[in-house]
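Peer 1: what follows is a predicted structure for the sequence shown.
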Amino acid sequence: MKVIIIGGGWSGCAAAISSKKAGADVTVIEKTDLLLGLGNVGGIMRNNGRFTAAEELIALGCGDLIEITDRISTHRNIDFPGHKHATLYNVNMIEGEVSKYLKSLGINLMMESRVNDISFDGQKINGVNLSDGTYIDGDVFIETTGTTGPMGNCLRYGNGCSMCVLRCPSFGPRISISERCGVPDIQGERGDDILGAFSGSCKLAKESLSDEIRNELDSKGVVILKIPQEDINYDKLSTKVCQQYALKEFAENIILLDTGHAKLMTTYYPLYKLRKIKGLENAKYVDPYAGSKGNSIRYLSVAPRTNDLKVTGVDNLFCAGEKSGLFVGHTEAICTGTLAGHNAVKLAMGMPLLILPSSIAIGDIITYANEKSLTREGRKDRYTFAGSVYFNRMKDLGLYTTDIDEIRKRIQKVNLDNIFNQKIC
């Protein structure tokens, strides 16, 4: 059977791995020249409840991508405001490692290949049309196109094109496969009745920072610098997609994390103000290039779906990553992608689809985020293992733990140990 995945970000790569392990012939169609999308400028793993989710993935039999990020980490077990035991992976190394791994599994990667239309008979997708005229057919499709861009959305709901790693001007706009099937998208909102939210961080070239800051980043992984009182802007916290970082400490301080670049934990920050801070006199943005002015806008294209990640109203379409909910983070994308890929093969085999139980964190967040997306208030929140409303829920339900043996026992208790490592067809 042929599983076609549109979008090669973290969720698309995870879906490819799990559907390949289940026995499918897998093709990933990615419009840019890099896999992982925003993962190329992300870098934070295992912080707070993401540790629990990462270990659940490993116990479920699809921790492949977690193990790669662990292997190329720049720092492990670091703390920064509001966050414990984080791992930081090297954003300059990650894409090559993931690309090599997917190729080693025999997954077909179609890079610089943009879908611009579909063949849809009213119930199922038969194939997709690429911008170069190529037609690709398949049995089951998984949409992991994300919710960021194109330029018009960043202009309308943000501060204009920020020239981010997605590079819409070069590789073309995102397409919503689910909307092409006549399924209206859900859009995330901000507190002030504006749609979407700003990506939550920027990257500075480490070489542009002072020796003292570079040395501290290299040794500790985190640097915290006071912002001058006159430049503190609490209002900006409400615009962030990453609500787990919308703490007053992130408004009062410059927080830098070592992910290969120096990850600046704010949506944007005027360069002339940044250079007023000791050690940042020569600071330079490397992503987005318009870091002084703005950042990319996300959460404008979420598909309605069931808890097995099947898109409502289309017989053979699944979704994952931000496309499947108002999720924040790489771990969250990997979790949803893994389930979507597994269920795509089950659907093609005529088998009952897997819904992960709410007794494990991955199952609970997928169900909870789906329920919340049905209300306007719920669409103003973002859902992540790392903080904000969902991490509080994790703690209240007793789902958050760093005890690996306990996590494995939970997976075994529901008879799901190694489930994503089993061949179905």
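Peer 2: Here it is on my side, so go on. Numbering: from 1, shown residues only.

Peer 1: secondary structure class for L225?
Peer 2: Three-state call for L225 (DSSP: H, G, I helix; E, B strand; the rest coil): strand.

Peer 1: distance check, it against I175.
Peer 2: Remark: distance between L225 and I175 (Cβ to Cβ, to the nearest Å) = 41 Å. Every C-beta, even on glycine, is put in place using the N, C-alpha and C of the backbone.

Peer 1: out of the two, which sits in the busier spot?
Peer 2: Taking neighbours as other Cβ atoms under 10 Å, L225 and I175 compare with I175 leading, 22 against 14.

Peer 1: skip ahead from the longest helix along the chain and say which helix or strand is next.
Peer 2: The longest helix of the chain (DSSP state H) is helix 330-348. Toward the C-terminus, helix 330-348 is succeeded by helix 361-372 as the next helix or strand (DSSP states H and E).

Peer 1: run through the neighbouring helices and strands of that next one.
Peer 2: Counting contacts by 3 or more Cβ pairs under 8 Å, 6 or more residues apart in numbering; DSSP states H and E, helix 361-372 packs against helix 50-60, helix 330-348, helix 388-397.

Peer 1: among those, which is the most enclosed?
Peer 2: helix 330-348 (a mean of 29; mean count of other Cβ atoms under 10 Å).

Peer 1: that helix packs against which elements?
Peer 2: Packed next to helix 330-348, using 3+ Cβ pairs under 8 Å, 6+ apart, are strand 2-6, helix 10-21, strand 44-45, helix 50-60, helix 64-71, strand 140-143, strand 317-319, helix 361-372.

Peer 1: apply 7 Å and report the result again.
Peer 2: helix 10-21, helix 50-60, strand 140-143, strand 317-319 (3 or more Cβ pairs under 7 Å, 6 or more residues apart in numbering; DSSP states H and E).

Peer 1: what mean pLDDT does the third one get?
Peer 2: Mean pLDDT, taken over the full extent of strand 140-143, equals 98.

Peer 1: same check, this time on the longest one
Peer 2: In this model, helix 10-21 carries a mean pLDDT of 98.

Peer 1: quick one, that helix and strand 2-6 angle?
Peer 2: Counting by axes from the mean of the first three to the mean of the last three Cα atoms, to 10 degrees, helix 10-21 lies at 170 degrees to strand 2-6.

Peer 1: could you check the angle strand 2-6 makes with the helix or strand just after helix 10-21?
Peer 2: Note on helix 10-21: by DSSP H and E, the next helix or strand toward the C-terminus is strand 25-29. Interaxial angle of strand 25-29 relative to strand 2-6 (the same axes, to 10 degrees): 20 degrees.

Peer 1: for strand 25-29, buried residues please.
Peer 2: 26-29 (16 or more other Cβ atoms under 10 Å).

Peer 1: can you redo these as a markdown table with distance to A197 and pLDDT?
Peer 2: Shown next, in a markdown table, are the buried residues of strand 25-29 (distance: Cβ to Cβ, whole Å; pLDDT from 0 to 100):
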| residue | distance to A197 | pLDDT |
| --- | --- | --- |
| V26 | 32 | 98 |
| T27 | 31 | 98 |
| V28 | 27 | 98 |
| I29 | 27 | 98 |
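
Peer 1: what is the nearest of the residues you listed to F318?
Peer 2: V26 (13.0 Å; Cβ to Cβ).

Peer 1: beta partners of the closest one?
Peer 2: V3 (DSSP bridges).

Peer 1: wait, it sits on S19?
Peer 2: Yes - at 5.2 Å, V26 and S19 qualify as touching, with contact defined as Cβ atoms under 7 Å.

Peer 1: measure the residue nearest to E30 when sequence neighbours are not counted to A361 for me?
Peer 2: Spatial nearest neighbour of E30, excluding adjacent residues (Cβ to Cβ, 6 or more residues apart in numbering): G8 at 3.2 Å. G8 sits 26 Å away from A361, going by Cβ to Cβ.

Peer 1: picking up where we left off before, common neighbours of V26 and S19, please.
Peer 2: With contacts defined as Cβ atoms under 7 Å, 6 or more residues apart in numbering, the residues shared by V26 and S19 are V3.

Peer 1: now the helices and strands packed on helix 330-348 in TSV, with distance to G127?
Peer 2: Below are the helices and strands packed on helix 330-348 laid out as TSV (distance: least, Cβ to Cβ, whole Å):
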stretch	distance to G127
helix 10-21	17
helix 50-60	31
strand 140-143	9
strand 317-319	12
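
Peer 1: between the ones you listed, which gets nearest to M151?
Peer 2: Nearest to M151, of the helices and strands packed on helix 330-348 and by Cβ to Cβ, is strand 140-143 at 20.8 Å.

Peer 1: packing partners for that closest one?
Peer 2: Strand 140-143 packs on strand 2-6, helix 177-180, strand 317-319, helix 330-348, going by 3+ Cβ pairs under 7 Å, 6+ apart.
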